[in-house]
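Enquirer: the following comprises the amino acid sequence and a computationally predicted model.
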Amino acid sequence: MRPQKWAHGPMGELALVLVEVEPHAGQWMWSASLNSRNGSGQGYRALPKWGKFAPSRSGAVAQAAEEVRAFMHRATAAEQKRITEWLAAILANSNTGAARNEKPMYLGCHCGFSGDFDLFTRTPKGGDLPRNEYQCPKCYRAWRVEAQGPGRWTPQGQYIPPDSVCVPILPRQ
């Protein structure tokens, strides 16, 4: 995590490495970003204009991991070790998940409603929500989930979602 001060906002932290995988037109797009404590940083969003597509989710994760390996030399030695361990974990999780389900996303809201990603909507009553923000169909609260590590599959074939923190989105003033 790299400390970051946003203009007119609070001090926060940026993830060391961020990999995004998004569905698009029957394929999967990916992106990879780096934010090192030594000041090195690069990245982009998963958008169709970059032309980075894979036929499966696990293929997109593997391609993103290759990009991370290519630019991780810009991080500190300690960060490179953490990145290598993290990549091994997400690749193992991606390969396990791909055999059973291409979209193992499970979300939960403060009101107690939880379920598969498809149960939640991205369009509230007042228009579209920004990317990665959702609305609970039970309480209509806008929120996003920040995962705390990868999910996992049990030997019985059940997906256990990652521990997560629900972050409510406050109305703009």
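Expert: Cool, got the structure.

Enquirer: part of a strand, is Arg45?
Expert: No - judged by DSSP: H, G, I helix; E, B strand; the rest coil, Arg45 forms no part of a strand; its state is coil.

Enquirer: domain assignment for this protein?
Expert: With domains defined by automatic domain parsing, the chain comprises 2-98, 106-168.

Enquirer: ranked by average pLDDT, which of those falls at the bottom?
Expert: Here the lowest mean pLDDT among the domains of the chain goes to domain 106-168, at a mean of 54.

Enquirer: tell me how many other residues crowd the closest residue to Pro55 other than its chain neighbours.
Expert: Nearest residue to Pro55, sequence neighbours excluded (Cβ to Cβ, 6 or more residues apart in numbering): Gln27, at 6.0 Å. Quick note: C-beta positions are derived from backbone N, CA and C, even for glycine. Gln27: 16 surrounding residues under other Cβ atoms under 10 Å.

Enquirer: how far away is Gln27 from Gln80?
Expert: Shown here: Gln27 relative to Gln80, a distance of 31 Å by Cβ to Cβ, to the nearest Å.

Enquirer: before we move on, what about Gln63?
Expert: With distances taken as Cβ to Cβ, Gln63 is found 20 Å from Gln80.

Enquirer: those two: which is more packed in?
Expert: Neighbour count, other Cβ under 10 Å: between Gln63 and Gln80, Gln63 has more, with 19 against 15.

Enquirer: list the buried residues in the helix or strand hosting the more buried one.
Expert: Using DSSP states H and E, Gln63 sits in helix 57-71. Across helix 57-71, burial judged by 16 or more other Cβ atoms under 10 Å covers 57-65, 67-68, 71.
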